[in-house]
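**Student:** A predicted structure for the sequence below; I have some questions about it.
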Amino acid sequence: MEKLDLERLPKHIAIIMDGNGRWAKEQGQDRLFGHYQGVVSVRKVVEAATEIGIQYLTLYAFSTENWDRPQEEVTGLMTLFVDTLAKEVPDLHKNNIKLHFIGNLDMLPNEAKEALSNATRLTAQNTGLTLIIALSYSSRWELVEAAKSLAIQVSKGSLALADINDTVFAENLSTKGFPDPELMIRTSGECRISNFLLYQLAYAELYFTDTRWPAFRKEDLLKALLEYQSRERRFGKTSEQIQID
Ligand code: FPP
């Protein structure tokens with residue numbers, strides 16, 4: 001922790017929480033056990049992010065493609081989301097954490113939809129960490145929705161075609177109002193983005209670790225942050241330009 005440069009922290013960290021199933025199998029347990037242990041990691045990482053002073057944390061909890069998993073796992077995950085929210089939201093609220101959900105939330109069961117909207121409403125005025133949970137989310141879905149929304153505005157005459165730029169485009173994404181993540185972490189060894197925040201990650205530093213999500217702890221987050229701080233972020237400029245800036 002003392003090696004961290006607190007002046008150069010990312011404002012926003014995004015995490016693909018991968019490896020719950022493999023971790024569970026390695027423990028001789030079923031996949032759902034891995035997801036339950038994954039919630040422990042969520043709690044630890046949220047605590048650590050708050051302590052370090054991260055402002056936005058986005059967690060990829062369930063992708064649009066995850067609907068195709070065996071019915072038993074999907075139902076188990078939905079129950080886990082609802083139960084976890086019921087259990088954790090009072091504490092999150094006490095800690096001034098603001099919850100926000102992104103994704104095709106219409107696809108969720110009613111009970112889950114209700115839990116999400118209650119949690120969002122309760123924590124809306126909080127000013128600490130903004131915790132964004134991507135649920136039933138995929139970036140291609142989000143980009144198509146943005147394109148549709150822009151097309152509707154243009155066809156109604158409330159937006160001129162010539163006024164569409166990257167800022168206007170970003171305002172039509174579900175992450176509207178949040179800064180882009182500067183650091184994206186994926187656990188469990190896979191080195192891909194898997195339909196996650198494709199627009200928003202344009203300049204993010206990507207960090208991949210072999211650690212399975214249920215084993216991921218504060219030390220692993222600190223390692224990722226130290227690696228992030230060791231990188232030179234050039235945004236298309238030269239190294240010399242960055243040093244002068
Ligand atoms: C990926 O591991 C993980 C998921 C699809 C679910 C993640 C959900 C949680 C950690 C619960 C979070 C809860 C809240 C309320 C935010 P995997 O199943 O793809 O693992 P595998 O690749 O090893 O099979």
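**Tutor:** Ah, there it is. Quantities reported herein were computed from a predicted structural model and do not represent experimental measurements. Numbers count the residues shown, from 1 in each chain.
**Student:** Only C-alpha atoms from now on, for both contacts and neighbour counts.
**Tutor:** OK.
**Student:** if I look at the residue in the chain sticking out farthest from the centre, how far off is residue 30?
**Tutor:** Distance to the chain centre peaks in the chain at residue 157, reaching 33.8 Å (criterion: CA atoms, centre = their mean). According to CA to CA, to the nearest Å, residue 157 and residue 30 sit 54 Å apart.
**Student:** Per-residue pLDDT of residue 211, please?
**Tutor:** On the pLDDT scale, residue 211 is placed at 98.
**Student:** Tell me the residues of this protein that contact the ligand?
**Tutor:** Residues of the chain lying near the ligand by CA under 6 Å from any ligand atom: 17-22, 35, 38-39, 61-62, 81, 84-85.
**Student:** Now the longest helix along the chain: buried residues?
**Tutor:** Longest helix in the chain, counting residues (DSSP state H): helix 71-94. Buried positions in helix 71-94, judged by neighbour count with 16 or more other CA atoms under 10 Å: 73-74, 77-78, 80-82, 85, 89, 92-93.
**Student:** and it, what other elements does it pack with?
**Tutor:** If contacts are counted by 3 or more CA pairs under 8 Å, 6 or more residues apart in numbering; DSSP states H and E, helix 71-94 sits against helix 31-52, helix 110-123.
**Student:** now, of those, which is deepest in the fold?
**Tutor:** helix 31-52 (a mean of 18; mean count of other CA atoms under 10 Å).
**Student:** what sits up against whichever helix or strand comes after that helix?
**Tutor:** Next helix or strand after helix 31-52 toward the C-terminus (DSSP states H and E): strand 56-63. With contact meaning CA atoms under 8 Å, 6 or more residues apart in numbering, strand 56-63 is reached by 11-17, 46, 49, 129-138, 178, 196.
**Student:** How about stretch 103-115?
**Tutor:** 64, 78, 81-82, 85-86, 134-138, 141-142, 174.
**Student:** first vs last residue of that stretch, how far apart are they?
**Tutor:** So stretch 103-115: terminal residues 15 Å apart, CA to CA.
**Student:** Likewise for stretch 15-25?
**Tutor:** Stretch 15-25 end-to-end distance (CA to CA) = 22 Å.
**Student:** which parts of it are buried?
**Tutor:** 15-24.
**Student:** is it true that residue 136 lies in a helix?
**Tutor:** No: per DSSP: H, G, I helix; E, B strand; the rest coil, residue 136 lies outside any helix segment and is strand.
**Student:** which ones are touching it?
**Tutor:** Per CA under 8 Å, 6+ apart, neighbours of residue 136: 62-67, 102-105, 107-108.
**Student:** between those, which is closest to residue 237?
**Tutor:** residue 102 (32.2 Å; CA to CA).
**Student:** Now the closest one. Its backbone dihedrals?
**Tutor:** phi -120, psi 150 (degrees, to the nearest 10).
**Student:** Tally up the residues packed near it, please.
**Tutor:** 19 (other CA atoms under 10 Å).
**Student:** Quick check: closest non-adjacent residue to it.
**Tutor:** residue 134 (4.8 Å; CA to CA, 6 or more residues apart in numbering).
**Student:** hang on, the one you found packs against residue 101?
**Tutor:** Yes: the pair residue 134 / residue 101 is scored as a contact, 5.8 Å apart, by CA atoms under 8 Å.
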